[in-house]
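S.K.: Below are the sequence and a predicted model; questions follow.
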Amino acid sequence: MSIDPRTPVLVGQGQIVNHAMTLADAREPVQLIAEAIRIATTDAGLSTVPDVDALNIVRMLSWRYANPAHTIAKLLGINTRADGITPHGGNMPQLVVNKLAREIQNGELDIAIVAGGESSYSRSRAQRESATLNWTSDAQGTPAPLQIIDDAAMSSPEEIARKIFLPVQIYPMFESAIRAKANRTIDEHDQLISELWSRFSGVAAANPNAWNQTALSAEQIRTVTPKNRMIGSPYRKVMNSNNQVDMAAALIICSVEKATQLGIAKDRWVFPISGTDCHEHYYISNRFSFSDTPAVRLGGAMACELAGVSLSDISLVDLYSCFPSAVQLGAQSLNLSLDQQLTITGGLSFAGGPWNNYVMHAIATMMINLRNDNSSTQNGFIWANGGYATKHSFGVYSTEPAKKGFRYGSPQVDIDSLDKRELASTSDAASDLAGQATIEAYTVMHDRQGAPETAIAAVLLKDSRRAWATSTDLQVATALCTDEWVGRKVNLNPDGTLNI
């Protein structure tokens, strides 16, 4: 079968994990990213890093650069036509691949590199040791990067005012809603998620590019210890994304015509077959349910439909895995079993969660796995997630080109028409039925010693509006750690304080 020369194809992947023994061994993010690009170049069978039409970098948090793509291009000694930067979000690596694939197919560019990396482990170590890192300080006059896409705020003013905007607060709230919907006891659900995470750790143990290659038993994962303290109930530390890593990954994508011109062997080629991007209602205050992600359902189904494949026939699957609730929401929405392998890397807790860039490692690992598979019909599926299970990007990959070229779509119009909830003010919530409401989701944040500290609950009023309630009363926080509270009636004060 002849392939359209404009067909987009991934030809190189590179990953680097830097376990610096001392700060002298630490490398800053742009150095790690440049090294990942060199590895991707070698992976493609090229002797030198090629000049590219676009060098797009996923926004990083461990160091501030005026234009990281410009700095990286100088380190590599390459020319770029456009230096881009993404907004924040774990969906960005897949979103950028979707975007570049469309631009290549449309003839807007021929070859591009997308990459990202973090040095959070070394940055935190330097802070602990009160050491100064002499990392890059961009020269005055560094050109501003191209903002790849516009992005919206993930938190509402009300959520920010109530200080309810951290993933470590919100994903465990999803967990409580999932547990209640499944009608499991706390112990039964702890067993389920610890077994799920144990399987993920086993995958990471066999992944040479994982940050942590130690397989943990379910009992080790759910047992609270000083090193595995409770953070936001029911999550022990090891159930949270591990952002304290020094890691980078890079992908080279080009047209089939360019790959042929560069002499890249066809056994290196992995084709993006389809892609979709979409988002839930942006603010969690307005989601209809904390136990459902309809945008994942619609976006994932569309990606498979565009690719002409059924997800049930795809064995290589990587679901975004910042917390156990993310995997459960994704699996439920995509009609996948929690018993099947839902990660190819080991996930963000074990393989490593370099802030916005985890999915770059997932796509790179997908390329490796697809190349190593002997089946000519093997496909891979990736779900990338940003915000609070908010922004979603999907990709279907194969070593065989699609018959109709790369296909892209978005179900956003349908998602926007789905039911929402209105957020009641604290005074309105307190006056409703004399302040009585029903808990729909909750968590208890713990202090650094693992003691209960702050209770956070999303509650539903009689008129179906949602309200937020919090309490720093130790008695309230402790009570919410011992029994199931979803579905219980509680009272709210006019300032939003939770009474039980």
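M.R.: Nice, thanks for sending it over.
S.K.: In contact with the closest residue to Y320 other than its chain neighbours, which residues?
M.R.: Closest residue to Y320 apart from its sequence neighbours, by C-beta to C-beta, 6 or more residues apart in numbering: N385 at 3.7 Å. Heads up, the C-betas are built off the backbone N, CA and C, glycines and all. Each residue near N385 by C-beta atoms under 8 Å, 6 or more residues apart in numbering is listed here: 90-91, 320, 322, 326, 330, 391-392.
S.K.: elements contacting the worst-scoring helix or strand of the chain on mean pLDDT?
M.R.: The helix or strand of the chain with the lowest confidence, counting by mean pLDDT, DSSP states H and E, is helix 426-431 at a mean of 81. With contacts taken as 3 or more C-beta pairs under 8 Å, 6 or more residues apart in numbering; DSSP states H and E, helix 426-431 sits against strand 466-471, strand 489-492.
S.K.: Would you format the ones you listed as JSON lines with mean neighbour count included?
M.R.: Converted to JSON lines, those look like this (neighbours: other C-beta atoms under 10 Å):
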{"stretch": "strand 466-471", "mean neighbour count": "24"}
{"stretch": "strand 489-492", "mean neighbour count": "20"}
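S.K.: where in the stretch 301-450 of the chain is pLDDT low?
M.R.: By pLDDT under 70, the low-scoring segments of the stretch 301-450 of the chain are 375-377, 432-435.
S.K.: Going along the chain, name the strands of the stretch 101-250 of the chain.
M.R.: 111-119, 146-147, 230-232, 235-236, 246-255 (DSSP state E, counting those that start in this stretch).
S.K.: Out of the contacts of N385, list just those in strands.
M.R.: In strands, defined here by DSSP state E, the members of those are 391-392.
S.K.: so which of the contacts of N385 would you say is closest to P234?
M.R.: Distance ranking of the contacts of N385 against P234, using C-beta to C-beta, places A326 first at 14.4 Å.
S.K.: Any buried residues in the helix or strand encompassing A36, and which?
M.R.: With secondary structure defined by DSSP states H and E, A36 is part of helix 29-43. By neighbour count with 16 or more other C-beta atoms under 10 Å, helix 29-43 contains the buried residues 29-41, 43.
S.K.: Which strands and helices lie in contact with that helix?
M.R.: strand 8-17, helix 68-76, strand 111-119, strand 246-255.
S.K.: What is the subsequent helix or strand relative to the last one?
M.R.: It refers to strand 246-255. With DSSP H and E, the next secondary element past strand 246-255 is helix 256-261.
S.K.: re the thing from before, okay, buried residues for the helix or strand that comes right after the helix holding A36 please.
M.R.: Per DSSP H and E, the first helix or strand lying C-terminal to helix 29-43 is strand 52-57. Neighbour-count burial for strand 52-57, with 16+ other C-beta under 10 Å as criterion, is recorded at 52-57.
S.K.: Excluding chain neighbours, what is closest to the residue nearest the centre of the chain?
M.R.: Centroid-nearest residue in the chain, with C-alpha atoms, centre = their mean: G90, separated by 3.5 Å. Closest residue to G90 apart from its sequence neighbours, by C-beta to C-beta, 6+ apart: G386 at 4.6 Å.
S.K.: how near is the one you found to F394?
M.R.: 13 Å (C-beta to C-beta, to the nearest Å).
S.K.: cool, and E103?
M.R.: E103 is 18 Å from F394, by C-beta to C-beta.
S.K.: In terms of neighbours, single out the busier of the two.
M.R.: Neighbour count, other C-beta atoms under 10 Å: between E103 and F394, F394 has more, with 27 against 17.
S.K.: show me the contacts for that one.
M.R.: Under the criterion of C-beta under 8 Å, 6+ apart, the contact list for F394 reads 94, 274-277, 299-300, 302-303, 381-384.
S.K.: So which of those are in helices?
M.R.: Among the contacts of F394, DSSP state H puts 94, 299-300, 302-303 in helices.
S.K.: ok, and the most crowded of those residues?
M.R.: A303 (31 neighbours).
S.K.: What mean pLDDT does stretch 144-156 get?
M.R.: Here stretch 144-156 scores 91 as its mean pLDDT.
S.K.: Enumerate the positions of that stretch that are buried.
M.R.: Buried, per 16+ other C-beta under 10 Å, within stretch 144-156: 145, 148, 151, 154-156.
S.K.: ok, so what distance separates the residue nearest to Y320 from R222?
M.R.: Distance of N385 to R222, given as C-beta to C-beta: 24 Å.
S.K.: same question, T426
M.R.: With distances taken as C-beta to C-beta, T426 is found 35 Å from R222.
S.K.: more neighbours, those two?
M.R.: R222 (22 against 19).
S.K.: I'd guessed that one sits against L196; true?
M.R.: No: counting by C-beta atoms under 8 Å, R222 stays clear of L196, with 10.8 Å between them.
S.K.: re the thing from before, with A215 as the reference, name the closest of the helices and strands packed on helix 426-431.
M.R.: Closest to A215 of the helices and strands packed on helix 426-431, according to C-beta to C-beta: strand 466-471, at 37.5 Å.
S.K.: Per the annotation, how does this protein divide into domains?
M.R.: Domain segmentation of the chain under automatic domain parsing yields 8-129+243-416, 426-499.
S.K.: Throw those domains into a markdown table and include distance to K237, thanks.
M.R.: Output for the domains of the chain, formatted as a markdown table (distance: least, C-beta to C-beta, whole Å):
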| stretch | distance to K237 |
| --- | --- |
| domain 8-129+243-416 | 9 |
| domain 426-499 | 9 |
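S.K.: Show the contacting residues for G263.
M.R.: Applying C-beta under 8 Å, 6+ apart, the residues near G263 are G45.
S.K.: Can you tell me the SS state at it?
M.R.: With DSSP: H, G, I helix; E, B strand; the rest coil as the basis, G263 sits in coil.
S.K.: tell me the pLDDT at it?
M.R.: With respect to pLDDT, G263 has a value of 98.
S.K.: What's the separation between it and A54?
M.R.: Taking C-beta to C-beta, one finds G263 at 22 Å from A54.
S.K.: And S130, by the same measure?
M.R.: 40 Å.
S.K.: what's the answer for T293, then?
M.R.: Distance from T293 to A54, by C-beta to C-beta: 31 Å.
S.K.: for A351, same thing?
M.R.: In terms of C-beta to C-beta, A351 sits 27 Å off from A54.
S.K.: Mean neighbour count, the domains of the chain: which tops it?
M.R.: domain 8-129+243-416 (a mean of 22; mean count of other C-beta atoms under 10 Å).
S.K.: for that one, the distance to its chain's centre please.
M.R.: 10 Å (C-alpha atoms, centre = their mean, to the nearest Å).
S.K.: First-to-last residue distance for that domain?
M.R.: 30 Å (C-alpha to C-alpha, to the nearest Å).
S.K.: do the same with stretch 11-22
M.R.: Stretch 11-22 has an end-to-end distance of 34 Å (criterion: C-alpha to C-alpha).
S.K.: Likewise for stretch 114-133?
M.R.: 26 Å.
S.K.: distance between the lengthiest helix in the chain and the chain's centre?
M.R.: Longest helix in the chain, counting residues (DSSP H): helix 186-205. Its chain's C-alpha centre and that of helix 186-205 lie 19 Å apart, by C-alpha atoms, centre = their mean.
S.K.: Could I get the buried residue list for it?
M.R.: Quick answer for helix 186-205 (16+ other C-beta under 10 Å): 189-190, 192-205.
S.K.: what are the phi and psi values for T293?
M.R.: Note on T293: its backbone torsions stand at phi -130, psi 80 [degrees, to the nearest 10].
S.K.: Would you confirm that it contacts G330?
M.R.: Yes: at 7.1 Å, T293 counts as touching G330 under the criterion of C-beta under 8 Å.
S.K.: Right, I'll leave it there.
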